[in-house]
Structure formats: structure tokens, C-alpha cells
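*Asks:* What follows is a predicted protein model with its sequence.
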Amino acid sequence: MKKQLLTLALSLCLVLGLSTAATAVESDSIDVIVNASVIDTPTPSQLIGGIAYVSYWPIVQALYPDATAVWQDGQSVVTASGLTLTIKPGRNYLEVNGRCLYIPQGVQMFGSVPLVPARILATALGANMAWDPVGCDVVITAGSGPITSGDLFYDANDLYWLSRIIHAESGNQSLAGKIAVGNVVLNRVASSRFPNTVYDVIFQRGQFTPASSGTINRTPSTESIAAAKLCLEGTNTAGSALYFINARVSPNSWAARNRPYVATIGAHTFYA
């Protein structure tokens with residue numbers, strides 16, 4: 001009966017799209033199955049916004065028996081053969097092997113234990129994850145090894161310039177706002193109306209002020225670099241936007257007058 005009620009709760013979360021605060025459901029009825037074996041998770045798994053959040057450590061141990069974890073600088077650092085994973089409470093992404101994986105609702109806490117989305121954790125560990133709605137089970141199957149490293153996954157030149165334009169244009173904005181600026185650049189790369197490389201889009205004449213003023217050469221913050229990585233992973237907070245403005249600086253801009261409105265994130269308004 002408990003599992004049937006939990007299945008119904010999850011279905012309602014997914015259908016209604018409820019917020020994090022409204023959908024945190026603690027349950028020791030969610031089983032975590034790794035390689036066909038139920039593993040012991042002393043910290044209960046939870047449904048948050050319709051997403052299954054789990055305690056990361058028992059899953060890491062099941063997939064990587066040689067793993068170790070230490071708590072330093074307010075975060076957990078997990079290491080194993082070919083794996084370096086950093087989990088920081090409240091942060092909206094995991095860092096793994098030099099890559100960033102987006103967590104819209106952030107790393108959650110259950111008492112002193114960080115909880116992360118099961119699917120994101122599985123991706124970080126190079127595993128596959130499925131949700132069994134009948135049994136309310138998180139089912140994880142090992143892959144061939146940890147996720148590919150950032151050095152191999154990201155184009156170094158794209159990451160270099162994307163992180164710098166994000167920092168120059170939105171260094172004082174939220175992570176979502178930083179990602180949105182990066183989305184505009186990548187959306188332009190994908191559009192036939194603009195150049196087809198990150199560098200050429202950024203340095204196209206008359207488009208990005210930091211490119212002409214030189215402020216693009218400032219060293220980006222850690223979060224700006226993370227935002228660039230998240231953009232290159234496919235994270236999108238700006239939809240199909242091709243333009244953005246600061247309405248306080250340019251209240252009557254060409255984009256505001258001529259392009260479809262997409263969203264406002266922090267100080268920036270985005271247009272398609």
C-alpha cells in the first residue's frame with residue numbers, strides 16, 4: 001500500500017509540475033537497485049519536484065568499491081579509479097571529471113547527508129538509470145566506466161571564449177542568468193543567420209560590447225566557467241533566444257522592439 005501511494009504521489013508530481021517546496025516526499029519505500037541487488041541506503045530517498053533524490057555514497061560504493069570520500073571546504077569529494085566527483089550542498093550542478101552536470105533544484109540535504117538526483121548521479125558514474133513506477137524503484141546498471149573527462153568532452157577553444165563572454169556579460173548574475181547568456185551564443189552558432197563558431201559569434205562586429213572593449217579578456221569566475229560547461233553539456237535556461245539586453249541600460253533597444261520576447265532572468269531580458 002505504501003508503494004502504491006508513493007507511485008500515485010510521483011504521478012501527480014509529474015503531471016502537475018509542482019515546485020520543490022511542495023513535493024518533497026520522504027520515503028524509505030523507494031528501493032535503490034544497483035546491478036540487480038537492492039542496496040542499503042540508511043538515508044531515505046525522496047521525491048522532490050517529481051525527481052528521485054538519493055544518498056550518493058551507497059550507490060558510489062556499489063559501483064566503485066575502491067572509492068573514498070572526504071568532506072572538505074563544505075563539500076564531499078569522491079575519488080576512485082578514473083573518477084573525481086564533487087558534491088556541494090545547495091549547488092545547482094555536480095562536478096565530475098572536470099565536467100558539470102546541471103541540477104535545477106540543486107543538491108538537497110537530509111540532515112547532514114547530501115542527496116542528488118539519481119539520474120544525474122548515474123550519468124556522472126557512467127551508469128544507466130531507470131525508474132520503475134510499479135515498485136517505486138530506482139534501478140541503476142553499471143556502464144563501462146566513469147563519464148568522459150572534460151578535457152576530452154569540451155572543445156577547449158569554445159570553453160575558453162564562452163566562459164569569458166559569460167563572465168564579461170553576466171558575471172554578477174545568477175547561474176541561470178549566466179547559462180542563458182551562453183545559450184544565446186550557442187543558439188547563434190546553430191543559426192544560419194550568424195557565424196558558425198563560438199569565437200566568430202562573439203567577435204562579430206557590433207554584437208558583444210566586451211569583445212570590442214577588451215573586458216572579455218578578464219579571468220572568468222569559477223561559476224562562469226561552470227556555466228560555460230553546462231551550456232556545452234546542453235543545459236538551457238534561455239530557450240531559443242538569440243539576443244539579450246539589460247533593459248535599464250538599453251530600454252528601447254532594437255531587439256526589444258523587433259524580436260519575440262522569451263524570458264527575463266535577473267537583469268537581462270532575452271529575445272528570439
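*Replies:* All right, it came through fine.
*Asks:* in this structure, what spans have low per-residue confidence?
*Replies:* Within the chain, the segments meeting pLDDT under 70 span 1-28.
*Asks:* ranges for the helices of the chain?
*Replies:* Taking DSSP state H to define them, one finds helices in the chain at 2-16, 20-23, 56-63, 118-124, 150-153, 156-170, 175-190, 198-202, 209-213, 222-233, 254-258.
*Asks:* Nearest to residue 69 among these would be which one?
*Replies:* helix 56-63 (6.3 Å; C-beta to C-beta). Glycine gets a C-beta too; all of them are placed from N, C-alpha and C.
*Asks:* Need the residues that contact the closest one.
*Replies:* Defining contact as C-beta atoms under 8 Å, 6 or more residues apart in numbering, one finds that helix 56-63 is touched by 32, 34-35, 37, 39-42, 67, 69, 76, 78, 80, 85, 87, 114-116, 118, 121-122, 125, 127, 140, 142.
*Asks:* ok, residue 152 - how many residues close by?
*Replies:* The local packing of residue 152 (other C-beta atoms under 10 Å) involves 9 other residues.
*Asks:* Let me know the distance separating it from residue 34.
*Replies:* Noted for residue 152: a distance of 26 Å to residue 34, by C-beta to C-beta, to the nearest Å.
*Asks:* ditto for residue 120
*Replies:* For residue 120, the distance to residue 34 (C-beta to C-beta) stands at 16 Å.
*Asks:* same deal with residue 272?
*Replies:* The gap separating residue 272 from residue 34 is 43 Å, by C-beta to C-beta.
*Asks:* of those two, who's got more company?
*Replies:* The neighbour count for residue 272 versus residue 34, taken as other C-beta under 10 Å, is higher for residue 34 (22 against 15).
*Asks:* quick one on the thing from earlier: between the helices of the chain, which one is nearest to residue 134?
*Replies:* helix 2-16 (7.1 Å).
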